[in-house]
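Need a 3D model of the following:
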Amino acid sequence: MGKGMKAGRKKPVGGGGGGGQRNMQMQQQQQQLMQFQAMQRQMEEAQAEIDAREITTTAGGGAVEVTVSGKKELTGIKIDPELMEGGDPEMLQDLIIVAVNEAMRQVDEMSSAEMEKITGGLDLPF
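Residues are numbered from 1 along each chain as shown. Next comes the predicted model:
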C-alpha cells in the first residue's frame with residue numbers, strides 16, 4: 001500500500017450517503033403512482049355513471065323533445081303532432097338541431113363537472 005492509503009471499504013462513487021434520499025424519492029414516486037391509479041379508477045367509474053345517464057332537452061316551447069345518453073347517442077325524439085300539421089319542415093329541422101345541440105352541450109358540461117370533482121381542477125385530457 002502506498003503512502004496515505006488505508007485498507008478497508010471504498011467510498012461509493014458520488015460521495016455515498018445518497019441511498020436514503022434515493023429510497024425516499026422512490027417511495028414518493030410509488031405513492032404518486034398509487035394516487036394516480038386511484039384517480040384513474042375513480043375517473044373510469046365516473047365515466048361509466050355518466051354513460052348510463054340521459055339528458056332530455058326541448059326546443060320550440062316543448063314542441064320537440066330529444067333524449068341523449070351520456071355516451072352522446074341520441075336515444076329518443078318526440079315531436080308534437082301539431083308541429084307536423086304546420087307543414088314547415090325547415091322549422092322542424094331547426095328545432096331538432098337546437099334540441100340535440102343543447103343536449104350534447106349539457107352532456108359535455110355534466111361530464112366536465114364530474115371529472116373536475118375527481119381531478120381537483122387538473123387539466124387532464126379525457
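
Can you classify the residue nearest to Ala46 when sequence neighbours are not counted as helix, strand or coil?
Spatial nearest neighbour of Ala46, excluding adjacent residues (CB to CB, 6 or more residues apart in numbering): Glu114 at 4.8 Å. The C-beta positions use only the backbone N, C-alpha and C, and glycine is treated the same way. Taking DSSP: H, G, I helix; E, B strand; the rest coil as the rule, one finds Glu114 in the helix state.

for this protein, what spans make up the strands?
Assigned by DSSP state E, the chain shows strands spanning 54-59, 64-69, 74-79.

How far does the first one sit from its chain's centre?
It refers to strand 54-59. On the basis of CA atoms, centre = their mean, to the nearest Å, strand 54-59 is displaced by 22 Å from the centre of the chain it belongs to.

and what of stretch 78-97?
36 Å.

Check stretch 92-111 too.
20 Å.

Could you check that stretch and say which residues are buried?
Using 16 or more other CB atoms under 10 Å as the burial criterion, the residues of stretch 92-111 that qualify are Leu92, Leu95, Ile96, Val98, Ala99, Val100, Glu102, Ala103, Met104, Val107, Ser111.

Kindly format the C-alpha coordinates of it as CSV.
The C-alpha trace of stretch 92-111 is given here as CSV (Å, rounded to 0.1, in the frame of the first residue of the first chain):
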residue,chain,number,x,y,z
LEU,A,92,-89.0,21.3,-37.6
GLN,A,93,-85.4,20.5,-38.7
ASP,A,94,-84.1,23.6,-36.9
LEU,A,95,-85.9,22.7,-33.7
ILE,A,96,-84.4,19.2,-33.8
ILE,A,97,-80.9,20.6,-34.3
VAL,A,98,-81.4,23.1,-31.5
ALA,A,99,-82.6,20.4,-29.1
VAL,A,100,-79.9,17.9,-30.0
ASN,A,101,-77.1,20.5,-29.7
GLU,A,102,-78.3,21.6,-26.3
ALA,A,103,-78.5,18.0,-25.1
MET,A,104,-74.9,17.4,-26.3
ARG,A,105,-73.7,20.6,-24.6
GLN,A,106,-75.3,19.5,-21.3
VAL,A,107,-73.7,16.1,-21.5
ASP,A,108,-70.3,17.8,-22.0
GLU,A,109,-71.0,20.1,-19.1
MET,A,110,-72.1,17.2,-16.9
SER,A,111,-69.0,15.1,-17.8
